[in-house]
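> Could you look at this predicted model? Sequence included:
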Amino acid sequence: MIRHFPSSLDLTRRAFLGRSAGGIGSMALASLLNHNLMAGEGSRSGLHHPAKAKRVIFLFMAGGPSHLDLFDPKPKLNELDGKAIPKELLKDHQQFALIRGTPNLKGSPYVFRAHGQSGAVISELLPHLSKVADELTVIRSMYTDTNVHDPGVNFMNCGTLLGDRPTLGSWMSYGLGSVNEDLPAYTVLTSGVSDGQPLLQSFWGNGFLDSRHAGVPFRNSGSPVLHLGNPKGVTTKDRRGQLDLIQWMNHRQHETLGDSEIAARIASYELAFRMQASVPQLADLSKESDQTMAQYGADRVKPSFARNCLMARRQVERGVRFVQLYDRGWDSHTDIDREHKRQCLASDQPVAALIADLKQRGLLEDTLVIWGGEFGRTPVAQVMGKTWGRDHHPHGFTMWMAGGGTKPGMTHGATDEFGYHATEDKVHVHDLHATILHLLGIDHKRLTFRSQGRDFRLTDVHGKVVRDVLA
């Protein structure tokens, strides 16, 4: 269908594109992809090499889960529990976030066992995840550049401590485009206990990329997406007429100024109109079986991390490229025994269910699932006694991946005997990002965007693909 605009406009090439169905806004991939990813390089999809993963679900444990109590047991740490930390561990150590003075070592009170044919070692706090241990690629040698929450989350998402850069999901949207024109390419869901750490807009922001590449937050109650419904008394036909007028004015403005943000606004308005039909269907869990709801441990209406995991599966099977779940409440400076038990109780079953559900539906093979936080937690106690906790720890911690071309049932890397420093096959955050993009068929060095006179990329001038974790 061709939209007709006043004949007084000259039929230039730009005007023709603007008047075609959906205009510039509907040409997301072809018109806005980085030219380095286009024809002549890689496959017809514009990829640099064949992709193993088509989509990503990032399960972000906001606050920093304890690798020492979940995935990385340390007998030596338990043996020296209560002793002062050896001074040699602090040679290349940035100051603790909150601990002052010389703290005491703290072992884990939890039992660890090997699971599955792979023998992956997992804590008793995660009994459900243990049942899918052979699907996991556990990385025990992660390290990052900061022990402060907000810069740490930015770094894990954006590859920089600053909050003004595109996130991993935004780079995916920019580099790969959208699969389903009726849904966003990048969505965000939140859950958990508020522990004083804010969830900032920058955590799912588009930075210097067009605004269409920002994450779209899905709400836990009321309308799934803000401002999606029509005001009282406004019909869909009325809204379509209003939108056509607004889009006509935006096209005229874009022809005059050539501002890419106007094109992004055109695309956003059209997507919002289509989402009025697609999002309510997506958010309606009434047709999910009782068996599926029980598998996830989710309620059809009540907000929870479990419900968000089920929503993540529903979104990726409908074509959403990147789904990020933020689960708050992992920042256990005190009462870690109580708080981590609470967090694991709420997240263990649905995470295992998500992996099993994706596999049963044939989606795990090309869906990359990532689990982790902005850093780990210290092998020393912040507070001794019954209310003991652990401080922020960037020098060595654990993350895991599943599906999407990763090598299942393997454990990569190691920390020292105290779980303090990553020592074997170290993986920096930039390396993690390079590996994720590689699995998606993208060379991290060639996915760039020019802003303010220089080319930017997710991995900046760093990053190497961790090939040992690739299937």
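Nice, I can see it.

> number of nearby residues for residue 60?
When neighbours are counted by other C-beta atoms under 10 Å, residue 60 registers 23. From N, CA and C alone the C-beta is placed, and that goes for glycine too.

> partner residues bridging it?
For residue 60, the beta-bridge partners under DSSP bridges are residue 326, residue 372.

> Could I get the contacting residues of it?
Residues counted as contacts of residue 60 (C-beta atoms under 8 Å, 6 or more residues apart in numbering) are 153, 156, 324-327, 372-373.

> one more time with 7 Å
By C-beta atoms under 7 Å, 6 or more residues apart in numbering, the contact set of residue 60 is 324-327, 373.

> how about those in TSV, adding neighbour count?
TSV is the format used below for those (neighbours: other C-beta atoms under 10 Å):
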residue	neighbour count
324	24
325	26
326	23
327	27
373	28
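
> Looking at the residues you listed, which is nearest residue 354?
residue 325 (9.4 Å; C-beta to C-beta).

> any idea of the pLDDT on the closest one?
Residue 325 is assigned a pLDDT of 98 by the prediction.

> Please apply the same query to residue 24.
Note on residue 24: pLDDT of 35.

> go on, residue 440?
97.

> I figured it hits residue 51, correct?
Yes. Using C-beta atoms under 7 Å, residue 440 makes contact with residue 51 at a distance of 5.3 Å.

> So which of those two has more stuff around it?
More neighbours surround residue 440 than the other of residue 440 and residue 51, with 28 against 20 (other C-beta under 10 Å).

> Relative to residue 367, how far out is the more buried one?
11 Å (C-beta to C-beta, to the nearest Å).

> Find residues that contact each of those two.
residue 53.

> what residue ranges in the stretch 201-350 of the chain score low on pLDDT?
Within the stretch 201-350 of the chain, the stretches with pLDDT under 70 are 226-227, 230, 238-239, 266, 269-273, 275, 277.

> just the strands in it please.
Along the stretch 201-350 of the chain, counting by DSSP state E, counting those that start in this stretch, strands occupy 216-218, 322-328.

> Nearest to residue 246, out of these?
Judged by C-beta to C-beta, the one of the strands of the stretch 201-350 of the chain that comes nearest to residue 246 is strand 216-218, at 19.8 Å.

> tell me which strands and helices the closest one is in contact with?
Packing contacts for strand 216-218, counted by 3 or more C-beta pairs under 7 Å, 6 or more residues apart in numbering; DSSP states H and E, involve strand 186-192.

> Which stretches in this protein count as helices?
Taking DSSP state H as the test, the helices found in the chain are 13-19, 28-32, 67-70, 75-79, 127-130, 149-158, 168-176, 236-257, 260-283, 290-296, 305-317, 336-360, 429-439.

> wait, which of those is closest to residue 449?
helix 168-176 (7.0 Å).

> Just want the angle from that closest one to strand 186-192.
Here the directions of helix 168-176 and strand 186-192 differ by 160 degrees (axes from the mean of the first three to the mean of the last three C-alpha atoms, to 10 degrees).
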